[in-house]
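# got a sequence here, can you model it:
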Amino acid sequence: MATDNASSEPLKEDDEIAQLKVSLQREKAAKRKMYSYLVKIADELKSLRNESEQLINASEYARKAWYEGGMWRGPNVLPSAAGQHAVRSSYGSSEKNPEDDNGGLSSGGGGKPEAATTVGMNGPSLVPRAPVSLSDLFLDLVTVTAFSRVGSAIQARGTVDLPILAFFAIFWQVWSKEASYSTRFDTTDISSHLETLLACFALLAGSLSAYSDFYSAGCTRIMAMAMFVAMLHVLLHARVWYWFSEGGPPGSVNYAVKRYAVFITVANSLESLTWAFGCFLPQDSEWRPCVILVGIILNLRLPRGFMPNDFHAACSKRGVLFILLLGFNIQSIVGVASPYFNYWEPSWDQYTFLFLSCFLLFMIKLLYVDDTSSISPLDHALLYNRAAGFCFYVGNFSLLVFTTVLGSGLNLLTQSFLAAAAALPSDAKNLVCGGFAAVIFSIQFIKSMHIRRVPTNARHERMFFAAYFTQFIATIGVVYITARMCFSRESDSGILALMMVNEIGMLAVIVCFSIVLVGLSWLDEAIELHIYKDNAEANQFRVQPFGFWAFCKHDEPLQLEAMALERSRAARLAVRSPLLGSSVMSFSSPTGSGQMYNSFSNLGGSFANLGGAGGEV
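Numbering: from 1, shown residues only. Model prediction:
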């Protein structure tokens, strides 16, 4: 009996030891889980602190008087641009300096005054975006005036030749330089206003010679204008270079600003020397076109190469410039018609013609890709890879060019219609049909640069592809038909000849094509409303990227910036409305934030909560 008791006691001890080990393992697992929760809470608190500091500091920055810090103060980096650089610089860095919580942004070296605004640089900008300033709007008006002068040259020649394309590119690059600086640095001081004013004067002076060719004094004046603007930006960025001469540690904002200023100063110096060489060439020199081509190439910039910009401001500037160009086209059509209406009352046919012209431009406005609200940042071409960003700029340039061509053709068509010409002028027909085909193709090209998100559900995926290829085939069909109308001859017969019997008939056919394209562009929204009850549910199923650039490797730093922008948008929606805050996308999944392409925001922002995007000018 004693032996049995002695043998049972070790068994009890072993059971107790095993139970203690199990309890210790459970306690360790609970502590590890609690520790992980504490780490997550600490990270969220740190992120909240950084975003709160940025919100407070950037709000103070937005409320600052324009003269605060001195009317001729040094350059200040915009909070949104500096914040996006902090997001980019955090990519791939394993060691953080705890004393550099502001992303390396500090005052300029050499004992200079504060060279940059030190706002919270560790998170996205949460401050509501300011509208386009009045100075920017004035520059846009001057730029569109220069475009209109090129349009007048197209109208006079009845075609588009190389000098017209070259001069248009020079005028557009002047606007791009100004927009590039104003989306990175504060431009409310007097020195920036003075530089913008001088650039406007130069652009107006150059636009007066838009009728010239390569071998004339007018081309020399345009090259002199380009040289003057390039020298202005040499001085402007040399000032930034001097102000940030001490730079900072690699990866800091000051260091990036210094590198950016050095690159832009050198590039503009080479460009100004090129234009100066072209100005001193004889007017009959065969090298003048080559010099202009070199000057245009030197003005090209790698998308987001050294320093990010204010994405939303850049998108807004592109949209405002395009809308102003459409407005100038309408004003030009009315201006052509006004002398006829000064002597007799307009008839119903004339009212119909003007209505169709305005309606066509409005349809183009609806087809325009408003990337400020209709494209998710993660899907935007500028934030996917640099090749897509370069093609995005090419598409925007071609859109502006051919919108100007379309406006010139509508002016000729208006003159022909009001003068009751016996036959449809070939120049008007070519410019209207060719310009419309090229505008539609440019818009579709820009859309194709963005990434779309395909539903994972097989049934929903089939509906998506059916809608996408319907839009694609319809667009290609309209472009093909209108291009055939452009290159058709007077002796041709058939359905194309019936479409071009007279001015109002041809315009009505093109308007019908545009209505069909606008209706098809809303297929995405119709399918989304049919399948999903809200945007949160849609984001759970749309995770597969689709598009030409989806097969290419995406740029991780650019995608990090896009994620920060998406988080900023979600935070703004949550602050504005608790109901919206519960329905915005989750930031935890970087692949679940895309959405089908949404163009409904062009009607007034009905679906503005479906995305926000940015880009570089």
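# helices of the stretch 451-600 of the chain, residue ranges please.
Residue ranges of the helices in the stretch 451-600 of the chain, as given by DSSP state H, counting those that start in this stretch, are 458-487, 495-499, 503-521, 523-531, 535-541, 556-576, 578-583.
# mean pLDDT for those helices: which is lowest?
In terms of mean pLDDT, the lowest-scoring of those is helix 578-583 (a mean of 35).
# doesn't Met307 fall inside a strand?
No: counting by DSSP: H, G, I helix; E, B strand; the rest coil, Met307 falls outside a strand, being coil.
# I figured it hits Ala256, correct?
Yes: using Cβ atoms under 8 Å, Met307 is in contact with Ala256, at 4.8 Å. Yep, even glycine has a C-beta here, placed from its N, CA and C like the rest.
# CA-only coordinates of stretch 503-512, as PDB, when you get a sec.
Extracted in PDB, the C-alpha atoms of stretch 503-512 (Å, rounded to 0.1, in the frame of the first residue of the first chain):
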ATOM      1  CA  GLU A 503     -22.800  72.200 -91.700                       C
ATOM      2  CA  ILE A 504     -25.600  71.700 -89.300                       C
ATOM      3  CA  GLY A 505     -26.100  68.000 -90.500                       C
ATOM      4  CA  MET A 506     -22.400  67.200 -89.900                       C
ATOM      5  CA  LEU A 507     -22.400  68.900 -86.500                       C
ATOM      6  CA  ALA A 508     -25.600  67.000 -85.500                       C
ATOM      7  CA  VAL A 509     -23.900  63.700 -86.400                       C
ATOM      8  CA  ILE A 510     -20.900  64.500 -84.300                       C
ATOM      9  CA  VAL A 511     -23.000  65.600 -81.400                       C
ATOM     10  CA  CYS A 512     -25.000  62.300 -81.600                       C
END
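# residues contacting the helix or strand hosting His193, please?
Using DSSP states H and E, His193 falls within helix 190-207. Residues from elsewhere that reach helix 190-207 (Cβ atoms under 8 Å, 6 or more residues apart in numbering): 71-72, 135, 138-139, 142-143, 145-146, 149-150, 167, 170-171, 174-175, 177-178, 181-182, 185-187, 221-222, 224-226, 228-229, 232, 236, 239.
# just the buried ones from these?
By neighbour count, with 16 or more other Cβ atoms under 10 Å, these hold 135, 139, 142-143, 145-146, 149-150, 167, 170-171, 174-175, 177-178, 181-182, 185-187, 221-222, 224-226, 228-229, 232, 236, 239 as buried.
# wait, Pro163 touches Tyr211, no?
No: in this structure, Pro163 is not within contact of Tyr211 by Cβ under 8 Å, at 9.2 Å.
# these two: who's more crowded?
Neighbours were counted for Pro163 and for Tyr211 using other Cβ atoms under 10 Å; Pro163 has more, 23 against 16.
# now the more buried one, nearest residue through space, not along the chain?
Leaving aside its sequence neighbours, Pro163 sits nearest to Asp213 (Cβ to Cβ, 6 or more residues apart in numbering; 4.8 Å).
# how much space is there between that neighbour and Asp284?
Note on Asp213: its distance to Asp284, by Cβ to Cβ, to the nearest Å, is 11 Å.
# between the two, which is the more surrounded one?
Neighbours were counted for Asp213 and for Asp284 using other Cβ under 10 Å; Asp213 has more, 17 against 9.
# just give the number of residues close to Arg386.
By other Cβ under 10 Å, neighbour count at Arg386 equals 15.
# likewise the one 4 residues further on?
The local packing of Phe390 (other Cβ under 10 Å) involves 17 other residues.
# which SS state does it fall under?
Phe390 ends up helix, using three-state DSSP.
# quick check: it vs Phe362, distance?
Here Phe390 is placed at a distance of 30 Å from Phe362 (Cβ to Cβ).
# would you work out how far apart the start and end of stretch 368-381 are?
Using Cα to Cα, to the nearest Å, the end-to-end distance of stretch 368-381 comes to 15 Å.
# same question for that stretch, mean pLDDT?
Model confidence over stretch 368-381 averages 70 on the pLDDT scale.
# the helix or strand where Ser357 lies packs against which elements?
Following DSSP H and E, one finds Ser357 within helix 348-367. Contacts defined by 3 or more Cβ pairs under 8 Å, 6 or more residues apart in numbering; DSSP states H and E place helix 348-367 against helix 311-341, helix 386-418, helix 426-449, helix 503-521.
# of these, which approaches Ser488 most closely?
Using Cβ to Cβ as the measure, helix 426-449 is the one of these that comes nearest Ser488, at 8.1 Å.
# would you mind writing the CA trace of that closest one as CSV?
C-alpha atoms of helix 426-449 as CSV (Å, rounded to 0.1, in the frame of the first residue of the first chain):
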residue,chain,number,x,y,z
SER,A,426,-13.0,71.2,-96.8
ASP,A,427,-10.9,73.1,-94.2
ALA,A,428,-13.8,73.3,-91.8
LYS,A,429,-14.8,69.7,-92.3
ASN,A,430,-11.2,68.4,-91.9
LEU,A,431,-10.5,70.5,-88.7
VAL,A,432,-13.9,69.6,-87.0
CYS,A,433,-13.9,65.9,-87.8
GLY,A,434,-10.2,65.4,-87.4
GLY,A,435,-10.1,67.5,-84.2
PHE,A,436,-13.1,65.6,-82.7
ALA,A,437,-11.6,62.2,-83.5
ALA,A,438,-8.2,63.2,-82.0
VAL,A,439,-9.9,64.7,-78.9
ILE,A,440,-11.9,61.5,-78.3
PHE,A,441,-8.8,59.4,-78.9
SER,A,442,-6.7,61.5,-76.5
ILE,A,443,-9.3,61.2,-73.7
GLN,A,444,-9.4,57.4,-74.2
PHE,A,445,-5.6,57.3,-74.2
ILE,A,446,-5.5,59.2,-70.9
LYS,A,447,-8.1,56.8,-69.4
SER,A,448,-6.1,53.8,-70.5
MET,A,449,-3.1,55.1,-68.5
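# list the buried residues for it?
427-449.
# how near is Thr482 to Val511?
Thr482 is 12 Å from Val511, by Cβ to Cβ.
# same deal with Thr404?
Going from Thr404 to Val511 by Cβ to Cβ gives 19 Å.
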